[in-house]
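Student: below is the sequence, then the predicted model.
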Amino acid sequence: MRRAAVGFLAGFVIALAPLIAFAEGRLGIVVNDQAALRPAPRDSSKPNALLWQGEALEIRGERMDYLQVWDHRLERGGFVSARQVRLLSVDTEGAPQLLAIVRFLRDTQGSESLGIAYAAAYLQAAPADSIRGSEGAEVLDALGAFAERLARRASRGAESKAAQSALSAHVEIAMHYGVAFTSYERDSRMVVCYDGDAFRRVIDLGKGDGMQRARAALALTRPECAPDDMQPAERRAANESRAELLDAIDVSDLPPYVRNRVHMRRAALWNSLAFDRARRGEPAQSSASRALEELARVDKRELTDDDQRTYADAAMRVNASRWASLPAPAAPSRKTGDRPRIVRAAGQPGETCVLLVDAKHGESKPLAKRCTFGIVWDESATVNREGNAVALAVQHTEAWRELWVFRKTSAGWLISTLPPAATNPAVGYAEFAGWVPGGKQVLVAREASGEGKYRKSYELMRLDTLSTINAVPDPQLLPAFQRWQDPAWKRATVSLR
């Protein structure tokens, strides 16, 4: 039976080599930070090293109130106060006690490395049937939670030098047990991510309850932990796999706040798939519609404080690609008239050129022209009543959509780009919200997150300079929005969520 358990855990048990090596002898785990490893069993003896919670020690003897130990990680021996160490027996009889400690530490902040040590000890001690059953799923879920929480702590950093030393030591100890972390640069800061091995094993076991499977799926689909160096085809395959993993989660019995997290993650992933399919010229309507549906299922009353920003991020992503949810536009009319209209033409490979034409200026000599590698949403084009301005949505990434404004001036037609925010492209949209009669003003909705900042605004802007006349966080506060907002925008936008 034990051999079967080793077969299931495969490389994971190999990573727990220190515990396996101690299985025939005595094992101790350090339970306090900065436990002194001394050359002699006396408090007056100057420490050779400091040990941290979760450190596994081989017990070789006892002297007074000290344990003689060998630290395989540091490859150093010495004496540690017995008060700083808990003795363990990694056999079948000790498994229930180890499980009880893992349960106790499961939600204890700051004890992640200690929890990882006890979870590893349980996986070494428990019989195969337990590891393959609900108890094994529970411990693997806890192990993943410890590693995930430790990664988030490492991403936030510590406020003091002493706290940073402890955090670094906890991460190193976790890695010694085989827990793998990866670092990514996100928004000018480093994000540390757990590789999710324990969570994948929870999914593979199929024994976890709904909460355990949901936690595993959410941890395995964190967008900030997706590798940066994937090729487009690899990224698409990864997103499809993540979407499939999330779709397999039954949300009906989950607590509302967890159900919200699953819906928000699904919305973001289906938005990514919609953008990828639209960029390749493939049908994207079903994917974009699915993203909108998942976002609509979020119960905003059950959003935690931490989830408020996640919800805003998901909404911005979905809104950036919402034009893909509409049916494919009909072939543009070739009827001529005085009013300008948008025509697309091929540019360089992968490039789309936007031409503004009218009755007197055809595609060979357009009123204005600009090319882009982004997605041009033809159906978004709208002309104001006076015919001196055109608004067009152009999406450059799955989460960043700009507004192009064509303006007629005394010198001819000009094209201006209105970004979601004056930051590096991250997450956001700028979208047309309505024309103000008179041909001099336009209503715009903007929302963006990047460089550690978040802003949402509804703006009344001058057409000649695209400068903001007034900006408010709620459209109810701007009379022009109340009177002149475009009905189609109000009906379809996610901005008014």
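Tutor: Yep, it's here.
Student: list the contacts of stretch 82-101.
Tutor: Contacts with stretch 82-101, where a contact means C-beta atoms under 8 Å, 6 or more residues apart in numbering, come from 19, 22-23, 26-32, 35, 51, 57, 59, 62, 65-67, 69, 118, 121-122, 124-127, 130, 135, 138-139. C-betas here are computed from N, CA, C, even on glycine.
Student: contacts only, for the residue of the chain most remote from its centre.
Tutor: Within the chain, the residue lying farthest from the chain centre (C-alpha atoms, centre = their mean) is residue 64, at 51.7 Å. Taking C-beta under 8 Å, 6+ apart, we find residue 64 in contact with residue 41.
Student: now do residue 386
Tutor: 438, 439.
Student: pretty sure it sits in a helix.
Tutor: No - applying DSSP: H, G, I helix; E, B strand; the rest coil, one finds residue 386 to be coil, outside a helix.
Student: in helices, which of the contacts of stretch 82-101 fall?
Tutor: In helices, judged by DSSP state H, the following of the contacts of stretch 82-101 are found: 19, 22, 118, 121, 122, 124, 125, 130, 135, 138, 139.
Student: run a quick neighbour tally on the fifth one.
Tutor: In terms of burial, residue 122 registers 29 neighbours under the definition other C-beta atoms under 10 Å.
Student: that one against residue 139, yeah?
Tutor: Yes - counting by C-beta atoms under 8 Å, residue 122 does reach residue 139; the two are 5.2 Å apart.
Student: hey, what's in contact with both of these two?
Tutor: In contact with both residue 122 and residue 139: 99, 102, using C-beta under 8 Å, 6+ apart.
Student: quick check: the residue nearest to residue 247 when sequence neighbours are not counted vs residue 246, distance?
Tutor: Spatially, and ignoring its direct neighbours in sequence, residue 247 is nearest to residue 266 (7.2 Å; C-beta to C-beta, 6 or more residues apart in numbering). From residue 266 across to residue 246, the span is 5 Å (C-beta to C-beta, to the nearest Å).
Student: just to revisit the earlier point, got the ones in helices among the contacts of stretch 82-101 as JSON lines, with distance to residue 193 and pLDDT columns?
Tutor: Shown next, in JSON lines, are these (distance: C-beta to C-beta, whole Å; pLDDT from 0 to 100):
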{"residue": "19", "distance to residue 193": "25", "pLDDT": "51"}
{"residue": "22", "distance to residue 193": "30", "pLDDT": "51"}
{"residue": "118", "distance to residue 193": "23", "pLDDT": "95"}
{"residue": "121", "distance to residue 193": "25", "pLDDT": "92"}
{"residue": "122", "distance to residue 193": "25", "pLDDT": "93"}
{"residue": "124", "distance to residue 193": "26", "pLDDT": "88"}
{"residue": "125", "distance to residue 193": "29", "pLDDT": "89"}
{"residue": "130", "distance to residue 193": "29", "pLDDT": "90"}
{"residue": "135", "distance to residue 193": "27", "pLDDT": "93"}
{"residue": "138", "distance to residue 193": "23", "pLDDT": "95"}
{"residue": "139", "distance to residue 193": "21", "pLDDT": "96"}
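Student: adding distance to residue 445, write the residues you listed out as TSV.
Tutor: What follows is these, written out as TSV (distance: C-beta to C-beta, whole Å):
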residue	distance to residue 445
19	57
22	62
118	51
121	55
122	53
124	57
125	58
130	55
135	51
138	46
139	48
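Student: farthest pair within those?
Tutor: Farthest pair in these (C-beta to C-beta) is 22 and 138. Separation: 23.8 Å.
Student: show the end-to-end separation of stretch 461-476, please.
Tutor: Criterion C-alpha to C-alpha, to the nearest Å; first-to-last residue distance in stretch 461-476 is 17 Å.
Student: burial measure for the nearest residue to residue 126 once chain neighbours are set aside, as a count.
Tutor: In space, and not counting its chain neighbours, residue 126 is closest to residue 95: 4.3 Å by C-beta to C-beta, 6+ apart. Using other C-beta under 10 Å, residue 95 has 22 neighbouring residues.
Student: average pLDDT for the helix or strand where residue 95 lies?
Tutor: Per DSSP states H and E, residue 95 falls inside helix 95-105. Helix 95-105 shows an average pLDDT of 95 in the prediction.
Student: same thing with stretch 387-401?
Tutor: For stretch 387-401, mean pLDDT is 96.
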